[in-house]
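Enquirer: Any chance you could fold what I've pasted below:
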Amino acid sequence: MDHRAFVREEVESGEGFAYDAEYYDVPVTTRREQSLRFYSVHDVEVIEGGYRAVHEPAVSEERPIGEN
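Expert: Numbers count the residues shown, from 1 in each chain. The predicted structure follows:
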């Protein structure tokens, strides 16, 4: 089951969620998850002795849970 289906089932069952994520349009179970943030590689540079990866916060491009 994907996360969006899990959220939908929890809401439909009346369980719901106590918190909303700060950076993404999804509810979360615990207060600790509110500030959860994912990063993706934005750029990779060749440097002496290897590589340097530049990371940026991932942005949610999905529809809100209720708009499936």
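
Enquirer: per-residue confidence at the closest residue to residue 58 other than its chain neighbours?
Expert: If you skip the residues right next to it in sequence, residue 58 has residue 38 as its closest partner in space, 4.2 Å away by Cβ to Cβ, 6 or more residues apart in numbering. Glycine gets a C-beta too; all of them are placed from N, C-alpha and C. Per-residue confidence for residue 38 comes out at a pLDDT of 91.

Enquirer: Run a quick neighbour tally on residue 49.
Expert: The local packing of residue 49 (other Cβ atoms under 10 Å) involves 5 other residues.

Enquirer: any idea how far it is from residue 24?
Expert: 36 Å (Cβ to Cβ, to the nearest Å).

Enquirer: Quick check, pLDDT for the residue nearest the centre of the chain.
Expert: A centroid search over the chain (Cα atoms, centre = their mean) returns residue 24, at 5.5 Å, as the residue closest to the centre. Note on residue 24: pLDDT of 85.

Enquirer: pretty sure residue 22 is touching residue 34, no?
Expert: Yes - in this structure residue 22 lies within contact range of residue 34 using Cβ atoms under 8 Å: 5.4 Å.

Enquirer: And those two? Which one has more around it.
Expert: residue 34 (14 against 11).

Enquirer: contacting residues for that one?
Expert: 19, 20, 21, 22, 28 (Cβ atoms under 8 Å, 6 or more residues apart in numbering).

Enquirer: ok so, going back, from residue 15, how far off is the residue nearest to residue 58?
Expert: Distance of residue 38 to residue 15, computed by Cβ to Cβ: 24 Å.

Enquirer: ditto for residue 7
Expert: In this view, residue 7 and residue 15 are 10 Å apart by Cβ to Cβ.

Enquirer: between the two, who's got more neighbours?
Expert: Legend: neighbour count by other Cβ under 10 Å for residue 7 and residue 15, higher for residue 7 (18 against 9).

Enquirer: Which positions within the helix or strand hosting the more buried one qualify as buried?
Expert: Residue 7 is part of helix 3-12, with elements assigned from DSSP states H and E. When neighbours are counted by 16 or more other Cβ atoms under 10 Å, the buried residues of helix 3-12 are found to be residue 7.
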